[in-house]
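Chemist: next input, structure requested:
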Amino acid sequence: MTARYYYLLRSSWLRLLELVYWPAMQMLVWGFLYTYLYDSKSSMASTGGMLLGAVLLWDVLFRGQLGFSFTFLEEIWSRNLANLMMSPLQPAELAASLMLMSLIRLLIGTIPVTLLVFVLFGFNIYALGFGLIAFFINLVITGWAIGLVVSGMIIRQGLGAESLAYSIMILVLPLCCVYYPVWVLPLWLQPAAWSLTPTYVFEGMRAILIDGMLRTDLMVECFALNLVYLTVAFTAFMLLLRSARHKGVLLTMGE
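Modeler: So this is what the prediction gives:
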């Protein structure tokens, strides 16, 4: 399955271009804002690096989820999902191939952008060191968990739920504290923010950039929470798939 998705991606240069185009455009806009803040010598200049770091890490989460969901949607658009479900392919194998393909698409789209940011704006995200690895792993797992739920909803509800693939990350953006710390939120919203794994990552990023300290406690808590969410997400995916089979909607998928 992974080879199938890889050949599909490789066969279209437009698909490959799209992987780099959107994160590159977003990074250019934020990068020029960073340049303005830095050159202005204002009190906000020190926040420029945090903005670029936040945008890069948010793109890892966003593109990781999109890579998972879009690879799955290729099967819906080509009306091939019913064929896959009638084959010996196990749902866990399908999910594993989607996860791997999400990672491949993410690396293709992200690595060139990090190099572009370094060349144009002198911001080296790799200077985060081991912290970057912890951030990346946790964000990718979160993207997979969300992608599983979105794919399950599309299987059960049909293409009427397709918009979730584009919009669900935007819904949680305010609570993930990407561009500001958790304490900015009202007290009653802070527990909700801490229930989301990306919050731990972005708080950890700010701890490195501001205090020069890797918050391993945040990363361990985030990873443990991610494992719980990934388990719940796969269970939800299986239940939604079972419900779709029971209702007989797989044969009309893509119509």
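
Chemist: going by C-alpha atoms from here, please, whenever you check contacts or count neighbours.
Modeler: Noted.

Chemist: Leu187 in helix, strand or coil?
Modeler: coil (DSSP: H, G, I helix; E, B strand; the rest coil).

Chemist: okay, it: pLDDT?
Modeler: The model reports Leu187 with a pLDDT of 90.

Chemist: residues near it, how many?
Modeler: Neighbour count for Leu187, taken as other CA atoms under 10 Å: 10.

Chemist: low-confidence ranges, the chain, go.
Modeler: Applying pLDDT under 70 to the chain flags residues 13-19, 21-22, 25-49, 250-255.

Chemist: and the helices in the stretch 101-250 of the chain?
Modeler: Secondary structure of the stretch 101-250 of the chain (DSSP state H, counting those that start in this stretch): helices at 130-157, 164-176, 190-194, 197-206, 216-247.

Chemist: gap between the residue lying closest to Ala134 once chain neighbours are set aside and Phe135?
Modeler: Spatial nearest neighbour of Ala134, excluding adjacent residues (CA to CA, 6 or more residues apart in numbering): Met219 at 6.7 Å. Separation of Met219 from Phe135 (CA to CA, to the nearest Å): 8 Å.

Chemist: pull the CA atoms of stretch 136-155 into PDB?
Modeler: C-alpha atoms of stretch 136-155 as PDB (Å, rounded to 0.1, in the frame of the first residue of the first chain):
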ATOM      1  CA  PHE A 136       8.500  16.400  15.600                       C
ATOM      2  CA  ILE A 137       7.600  12.900  16.900                       C
ATOM      3  CA  ASN A 138       4.900  14.200  19.100                       C
ATOM      4  CA  LEU A 139       3.400  16.400  16.400                       C
ATOM      5  CA  VAL A 140       3.400  13.700  13.800                       C
ATOM      6  CA  ILE A 141       1.700  11.200  16.200                       C
ATOM      7  CA  THR A 142      -1.000  13.900  16.900                       C
ATOM      8  CA  GLY A 143      -1.500  14.400  13.200                       C
ATOM      9  CA  TRP A 144      -1.900  10.600  12.700                       C
ATOM     10  CA  ALA A 145      -4.500  10.400  15.500                       C
ATOM     11  CA  ILE A 146      -6.500  13.300  14.000                       C
ATOM     12  CA  GLY A 147      -6.100  11.800  10.500                       C
ATOM     13  CA  LEU A 148      -7.500   8.500  11.700                       C
ATOM     14  CA  VAL A 149     -10.600  10.100  13.200                       C
ATOM     15  CA  VAL A 150     -11.200  12.200  10.100                       C
ATOM     16  CA  SER A 151     -10.800   9.200   7.800                       C
ATOM     17  CA  GLY A 152     -13.200   7.200   9.900                       C
ATOM     18  CA  MET A 153     -15.700  10.100   9.700                       C
ATOM     19  CA  ILE A 154     -15.400  10.300   5.900                       C
ATOM     20  CA  ILE A 155     -15.900   6.500   5.600                       C
END
